[in-house]
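# sequence and predicted model, in that order:
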Amino acid sequence: MSDAATARKPSQRRTLGWVLLEFLGSMNLAITLLVVVAIASIIGTVLQQNQPYPDYVLKFGPFWFEAFDRLGLYDVYGALWFIAILGFLVLSTGVCLYRQIPGMVREMVRFRTQVRLESLRGFHQRAEWRLPERVPPGVLAEVTSVFRVRGYRWRIQDHGDHQVAAAMKGGYQRLGYLFTHAAVVVIGIGGLLDGNLWLKLKEWRGEIAVETRDLAARDVPPLSRLAPGATPSFRGNIMLPEGSAASFVFLRLRDGFLIQELPFAIELKEFQVEYHATGQPKSFISQVRIHDREHLGDRPLDATIRVNHPLIYRDYAIYQSDFGDGGSKLELRLWPLTSDRLEPLDVRGEVGGALKVAGPAGPLGLELAEFRLFNLLPEPGAKSGDRKFRNFGPSVGFKVRDAAGEAREYLNYMAPVQLEGRWFFVSGVRARPGAEFAYLHIPADLNNSPERFLRFNARLRDEGGLRALLARTPTSTENPDFQRDLNQVRLNLVELFIQGGFAAVTERARAVVPADRLQEATKLYLEILRDTLAEVFIEVLRAEGVNLEQGVGEREDAFFNDALSALATLPVYGSPLYPQLTGFQQVEASGLQVARSGATGVVYTGFAFLSIGVFLLFYTSHRRLWAWIAAEEGGSRLILAGAGNRRQAEFAREFAGLEAVLARRLGTPEPRADN
Amino acid sequence: MAVTREAMLEHWEQPAFWRRLTVWDALWALLVIGGTGYAWWFYQTQMDGYEVAILFGSALALIAWGLYWKPARLFALAVALLTLLALWRYGTDYEARKSVFLLKYFLESQAAFMWMSALYVLATVVYFAALFSRSTFVGQTATALTWSATVLGMTGLLTRWRESYLLGADIGHIPVSNLYEVFILFALITALLYLFYEDRHRTRAMGGFALLAISGAVAFLLWYTFDREAHHIQPLIPALQSYWMKIHVPANFIGYGAFALAAMLGVAYLLRQRAEIRRPDGVLATVLPARELLDDVMYKAIALGFAAFTIATILGALWAAEAWGGYWSWDPKETWALIVWLNYAAWLHLRLTKGWRGAPMAWWAIIGLFVTLFAFLGVNMFLSGLHSYGTL
């Protein structure tokens, strides 16, 4: 792999070992490997690595999931075939080094006094002088004194019929090759030592097994635990709630995990997030305390860990890598949405926990998934470039699971949100993980509560109450039969509406009315429905004690319209409950990463080699000069020739200067035949 | 060549480095030392050991740069004076940018970037005009335009650095933290690299092609400014609050700039070759830069880019070891950096050991730019990972 290819004797026997060495050290293989590693690396950047396995199944389907799993594509950079290619690159570079080192060293130290006239005449940089005397004694001294000025070292050899002064400088340029290529080998080996080869080996020997069940750390069997120092390198994570401590981290591996035990315990005293005035996070800070009886005795070590400022303790590095909820205590009021009676249920729970609650149609599981104190989101209605953000306040994320095990995911904001001048309780819902949330906007009443809307909703579901209400309504017709039919229609419309929104009403119209009268009839249906709903709403307002002598005010009117929109969305919302977040006590958790890297020193040595090598390789030049002198008829002939392996233009300039100096001392050189 | 034979002989016989220095060299060094000393004397109470080391380290680097490449002095001086002027007009009031004439229309970072953009685009056109008209004067104009654009762009970047501190002491940071800022850095570095090769090879024939890459960056920048309003100064996210950013990012952009330059020269190479085959006496075959020159500069640019990119990636690994818990995480950005590195490593092997030259290498340099572009932009746009700071 060098421009100074070493000559090989043709008589050398081509044993299998030699052929193998030849193949591994060949330039073509090296370039092929460079390109193959580059292409193989792309896979892991296109396919997101180390995601939960069910996500992959969802994405690719069972067949391709299995196929990709076999190929190790979910952790490409840990896959044996990838490591093998990398290993091959390192091996090829190593073989190349092994074969080139002797030649390179020779090239660096030898002066090449055995040079033939023809080859000198083949150099691009050369000059010839015809001197009048037979080998004047001072000429070589003259030439070498010029060599010295330019920093060249030289050797003179007398070959009998001619003398040669062979000079060179910048031989360390050859170290550039050695340093860069050795760096690839060193970094490669260091990287392999720091990789997960140790775990693979232990797994293969049956010493450990990946735990794929969802177990608490203390229940994980010993086969899935690694003692401190079991491998020289690891990188694991732990999520610590404030006030708790742990002496282990989780190593995620494929579709499961291992537990790496630490020789000390990390206690999280406090986790803080600081914010800029604009609401963006400014810093994540963990105040930790390290307990290590063996090394610290009874005096634990207090330290602060921030992003970019890890704590190095013994040879473990502890990083701030994540944050989350450490089991915040939440108070929730569960409002029924599908019942005719508004009897809310107050419950308490913890993030990460699940509650069993009685739903209108059987028991429901309420799984509290997350709590957030701040929700900095783009201003609604702003253009994407505006970069306007608003803090929407605390939110709770939860899942409601019915008896059949079907779950929907919800995201409820605690405080009402102002939109277009009115206030709403916002709740998002989605049936599939990763899908977009669909939002329900419950208008807030004067007490900043969703209660008025919910009472209105419950009232609409109370059939008896509705009948009574309709019967009381003053009628414009004298015909009791017609009145009864009309009331039935009104009841039916309300029923349709609360079951399926406006869509259900228009659907019904389409089913029962001939096409030519459809538009007219739909309009009529909607008018009747709206009137009926308005009557119920007025009833709700009356029950609240709102003074309606001046008629329904503008504010109530807007509320009514918003309530209708929300009611129309309820069937899509799909939850029989609306859990309102009424109180919380936040408990934060800090995600810490603990790493131990036994081969960092090896890799960094490689880095140093590479940095030095690259500059030697490109920005220094190994230059050689030869002065060849021999007697010829009626005088003697001096030939000056030279070559550099980099920076040709600079060498040409140097050579021209050298030629000019000698021309002043020895006379004009002979004109060159080729220019 | 401008150097006379006598001068060369002088050089030959008196090669000692310090003897070749002129009064101007000494003045340059003294000026930088003076400026640095003043800064140190003035701010030493605010600086820790690292910062003092960085201050003096950068002073030495600046002196060396000016000695190695003379035009760098005038450039540094112009940038320093304009920046100081801007800072003086700013005082401590960020809102001065709206009321002070000089700031509003010239030196406020946004205004300076607009000037820079306009001048680069103009320079591109003028370079091509110089190429086809073969006029030295037009060529000199193009060079002057490029220098002016670079001075204003660099002034804008430095002023922006100060502006971020005027917004709030805890917001202030070096302006290399998002896609908008690094695109400006990219344009400036590419321009400086080009100007260096223009000066060293005494030809302006490559100018149009090099500036085409810069104009591309400018087009993106304008879209990013006007459509996405990306030019607002944002506070740093915690992951970027580190010293490493100051060296990791610029080192990377020396690489990106050099690779972009090499690719544009590859385009020029292929055009020239095509013209020589089709119409050897045509305009294109004679005005485009010679193939040997393009081949040589292309190699130099890739070698420089490769060296810088190697250092940048190593710095990135060292930073990752401090921020993400390991020097290598196979994060998409890291992986693509490796892919870029492997790609140019293969290119250099083919050239240096297999002796490949000409069209295949030119094509490869062009493809290399697309690989680089994906590492630089594509990863942020299409892939997620730890490096997700620069989304569009």
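Arrived safely.
# how is the chain carved up into domains?
Chain wasn't specified; assuming chain A. Chain A breaks down into these domains under automatic domain parsing: A:1-109, A:112-170+A:636-675, A:208-232+A:234-325+A:589-596, A:329-446+A:580-588, A:457-578.
# please go with chain B instead
Annotated domains of chain B cover B:1-68, B:73-382 [automatic domain parsing].
# grab the nearest non-local neighbour of residue B:295.
The shortest distance from residue B:295 to any non-neighbouring residue, by Cβ to Cβ, 6 or more residues apart in numbering or on different chains, is to residue B:357 (5.7 Å). Placement of C-beta: from N, CA and C, glycine included.
# also residue A:43?
Spatially, and ignoring its direct neighbours in sequence, residue A:43 is nearest to residue A:76 (5.1 Å; Cβ to Cβ, 6+ apart).
# that neighbour: neighbouring residues, count only.
Counted with other Cβ atoms under 10 Å in any protein chain shown, the neighbours of residue A:76 add up to 24.
# contacting residues around it?
Contacts for residue A:76 (Cβ atoms under 8 Å, 6 or more residues apart in numbering or on different chains) come out as A:40, A:43-44, A:47, A:49, A:82, B:330.
# what about it, is that helix, strand or coil?
Classification of residue A:76 by DSSP: H, G, I helix; E, B strand; the rest coil places it in helix.
# go on, residue A:312?
Under three-state DSSP, residue A:312 falls in the strand class.
# tell me which element the closest residue to it other than its chain neighbours is part of?
Distances taken as Cβ to Cβ, 6+ apart put residue A:318 closest to residue A:312, at 7.8 Å, once the chain neighbours are dropped. Assigned by DSSP states H and E, residue A:318 falls within strand A:316-325.
# ditto for residue A:59
Following DSSP H and E, one finds residue A:59 within helix A:53-70.
# which residues does that helix contact?
Outside helix A:53-70, the residues within contact range by Cβ under 8 Å, 6+ apart are A:47, A:74, A:254-255.
# please repeat the previous calculation with a cut-off of 6 Å.
Residues from elsewhere that reach helix A:53-70 (Cβ atoms under 6 Å, 6 or more residues apart in numbering or on different chains): residue A:255.
# what about dumping the CA coordinates of that helix to PDB?
C-alpha atoms of helix A:53-70 as PDB (Å, rounded to 0.1, in the frame of the first residue of the first chain):
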ATOM      1  CA  TYR A  53     -38.900  -5.100  18.800                       C
ATOM      2  CA  PRO A  54     -42.700  -4.700  18.600                       C
ATOM      3  CA  ASP A  55     -42.100  -1.400  16.700                       C
ATOM      4  CA  TYR A  56     -40.200  -3.300  14.100                       C
ATOM      5  CA  VAL A  57     -42.900  -6.000  13.800                       C
ATOM      6  CA  LEU A  58     -45.400  -3.200  13.300                       C
ATOM      7  CA  LYS A  59     -43.200  -1.600  10.600                       C
ATOM      8  CA  PHE A  60     -42.100  -4.600   8.600                       C
ATOM      9  CA  GLY A  61     -44.600  -7.300   9.200                       C
ATOM     10  CA  PRO A  62     -43.700 -10.700  10.700                       C
ATOM     11  CA  PHE A  63     -41.900 -12.000   7.600                       C
ATOM     12  CA  TRP A  64     -39.400  -9.200   7.100                       C
ATOM     13  CA  PHE A  65     -39.100  -8.600  10.800                       C
ATOM     14  CA  GLU A  66     -37.800 -12.100  11.100                       C
ATOM     15  CA  ALA A  67     -35.500 -11.800   8.100                       C
ATOM     16  CA  PHE A  68     -34.000  -8.500   9.300                       C
ATOM     17  CA  ASP A  69     -33.700 -10.000  12.800                       C
ATOM     18  CA  ARG A  70     -31.600 -12.900  11.400                       C
END
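# turn the domains of chain A into a markdown table, columns for mean pLDDT.
Converted to a markdown table, these look like this (pLDDT from 0 to 100):
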| stretch | mean pLDDT |
| --- | --- |
| domain A:1-109 | 81 |
| domain A:112-170+A:636-675 | 85 |
| domain A:208-232+A:234-325+A:589-596 | 90 |
| domain A:329-446+A:580-588 | 85 |
| domain A:457-578 | 85 |
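# now these as CSV including distance to residue B:374?
Below are these laid out as CSV (distance: least, Cβ to Cβ, whole Å):
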stretch, distance to residue B:374
domain A:1-109, 9
domain A:112-170+A:636-675, 30
domain A:208-232+A:234-325+A:589-596, 27
domain A:329-446+A:580-588, 24
domain A:457-578, 41
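# among those domains, single out whichever gets nearest to residue A:615.
Residue A:615 lies closest to domain A:112-170+A:636-675 among the domains of chain A, at 11.4 Å (Cβ to Cβ).
# run the contact check for the closest one versus chain B.
Yes: interface with chain B: domain A:112-170+A:636-675 contributes A:657, A:660-661 (Cβ under 6 Å from any Cβ of the partner chain).
# in PyMOL, how would I select the buried members of the residues you listed?
Typed into PyMOL, the line below selects the buried ones among those, using 16 or more other Cβ atoms under 10 Å in any protein chain shown:
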select buried, chain A and resi 657+660+661
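# now, which of the residues of domain A:112-170+A:636-675 next to chain B sits nearest residue B:154?
residue A:657 (36.2 Å).
# check which residues of the helix or strand harbouring the closest one are buried.
Element membership for residue A:657 (DSSP H and E) is helix A:648-666. Buried residues in helix A:648-666, defined by neighbour count with 16+ other Cβ under 10 Å: A:651, A:654-662, A:666.
# equivalent analysis for stretch B:50-57, please.
For stretch B:50-57, the buried set under the neighbour-count rule, 16+ other Cβ under 10 Å, comprises residue B:55.
# how close does residue A:582 sit to residue A:337?
From residue A:582 over to residue A:337 the distance is 17 Å, taken as Cβ to Cβ, to the nearest Å.
# the two: who's more crowded?
Per other Cβ under 10 Å, whichever of residue A:582 and residue A:337 has more neighbours is residue A:337, with 22 against 15.
# next, see if the helix or strand hosting residue A:260 gets close to chain B.
Taking DSSP H and E as the criterion, the element that holds residue A:260 is strand A:256-275. No: applying Cβ under 6 Å from any Cβ, one finds strand A:256-275 separated from chain B by no less than 9.0 Å.
# next one: that strand to chain centre, how far?
Relative to the centre of its chain, strand A:256-275 is centred 21 Å away, using Cα atoms, centre = their mean, to the nearest Å.
# do the same with stretch A:226-240
With Cα atoms, centre = their mean, you get 21 Å for stretch A:226-240.
# which residues in the stretch 551-675 of chain A form strands?
Remark: strands assigned in the stretch 551-675 of chain A by DSSP state E, counting those that start in this stretch are A:577-585, A:588-596, A:623-632, A:635-644.
# show me what the closest residue to residue A:407 other than its chain neighbours is bridged to.
In space, and not counting its chain neighbours, residue A:407 is closest to residue A:401: 4.2 Å by Cβ to Cβ, 6+ apart. Beta-bridge partners for residue A:401, by DSSP bridges, are residue A:365, residue A:407.
# just checking, residue A:401 touches residue A:410?
No: using Cβ atoms under 6 Å, residue A:401 is not in contact with residue A:410, being 11.4 Å away.
# tell me which helix or strand residue A:304 sits in.
Secondary structure assignment for residue A:304, by DSSP H and E: strand A:301-306.
# so how far is that strand from its chain's centroid?
Relative to its chain's centre, strand A:301-306 lies at 26 Å (Cα atoms, centre = their mean).
# pull out the buried residues from that strand.
Of the residues in strand A:301-306, A:303, A:305-306 count as buried by neighbour count, 16+ other Cβ under 10 Å.
# between those residues, which sits nearest chain B?
Within the buried residues of strand A:301-306, proximity to chain B (Cβ to the nearest Cβ) peaks at residue A:306, which comes in at 7.3 Å.
# find the nearest non-adjacent residue to the closest one, please.
The spatially closest residue to residue A:306, leaving aside those adjacent along the chain, is residue A:285, at 5.2 Å (Cβ to Cβ, 6+ apart).
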